[in-house]
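Colleague: Sequence and computational prediction follow.
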Amino acid sequence: MHRKFITVDDREALVGGMNVGTLFGRYHDLMLHLHGPIARSLADLFDDEWRQAGDDNDAPLPTMPLTRTPGQTQARLLGTGAGQFPTETALHENLLRATSSVCVALCEMGRTELVDALIACHTRGVSVRVLLDPLVSYPWLPAAPLNAGAVDALLRAGVPIHFYRLGPDVLRLHLKMALFDDDRAVAGSTNWTRAGFGWVRETDIELIGGAVIGQMQAQFEADWQRSAPAPMPTRLALWQYATYERLAQ
């Protein structure tokens, strides 16, 4: 269970990628501040998870529709679990719909079908940019570039990829965010991996329109400026990635 959200009185919510803890205060992350019906959808999701944790066999909640508020951002609950439209499906739909630009910022990107969808966008003339955490070290997997499979495929296809510049102020780029044509976005807790789309329980939000899209785009541009082009992975890096993918991703 990899969800990160909180709801208050069924009217307000925070959802995104941020864990709670001293270490995570030094991660560069994103949380969405939500108001209205979408907050109630998240509260219903929590209630369902609570019942499952108590071995309650109640029927799952129905899939939540796209929440529409005139003049404001439209929102839909995505992820895995009751009441959620699959994040991977929503991302595929938005990539197929994109006509001008796609911007992706992720901590971890595996070699899933979404990599091919990004390449297809690039091939048909959409401006695609991918910003990743370098993921150069884990205590249990020293110096293993865990994004190497996706980086290799995207760079060979000509898709621009940058690695976020880490430092004493930021230990990890922990975002899970994608922007489409300056009017749509998907953000939350899901890394683009087999685990994230398959057997890990995640929560994401699909957003359409409103000022929040511009705020997220501005954040992406600032992060892109703090990054540098990713190098082509070495053979060793690809072997390390393949091993990691089989074991964990």
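Modeller: Nice, thanks for sending it over.

Colleague: average pLDDT across stretch 195-203?
Modeller: Here stretch 195-203 scores 91 as its mean pLDDT.

Colleague: So what touches it?
Modeller: 1-5, 15, 42, 45, 49, 77-81, 84, 86-88, 108, 110, 112, 188-190, 248-249 (C-beta atoms under 8 Å, 6 or more residues apart in numbering). Using the backbone N, CA and C atoms, a C-beta is placed for each residue, glycine as well.

Colleague: now that stretch, how far from the centre of its chain.
Modeller: Relative to its chain's centre, stretch 195-203 lies at 11 Å (C-alpha atoms, centre = their mean, to the nearest Å).

Colleague: CA-only coordinates of it in CSV, if you can.
Modeller: The C-alpha coordinates for stretch 195-203 follow below in CSV (Å, rounded to 0.1, in the frame of the first residue of the first chain):
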residue,chain,number,x,y,z
ALA,A,195,4.4,-2.7,-9.5
GLY,A,196,2.9,0.8,-9.6
PHE,A,197,0.3,-0.2,-12.2
GLY,A,198,-0.2,-3.7,-11.0
TRP,A,199,0.0,-5.0,-7.4
VAL,A,200,0.8,-1.8,-5.4
ARG,A,201,-2.3,0.1,-4.1
GLU,A,202,-1.9,3.7,-5.3
THR,A,203,-3.9,7.0,-5.5
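
Colleague: Could you give me the buried positions within that stretch?
Modeller: 195, 196, 197, 200, 201, 202, 203 (16 or more other C-beta atoms under 10 Å).

Colleague: rewinding a little: in strands only, show me the contacts of stretch 195-203.
Modeller: 5, 15, 77, 78, 79, 188 (DSSP state E).
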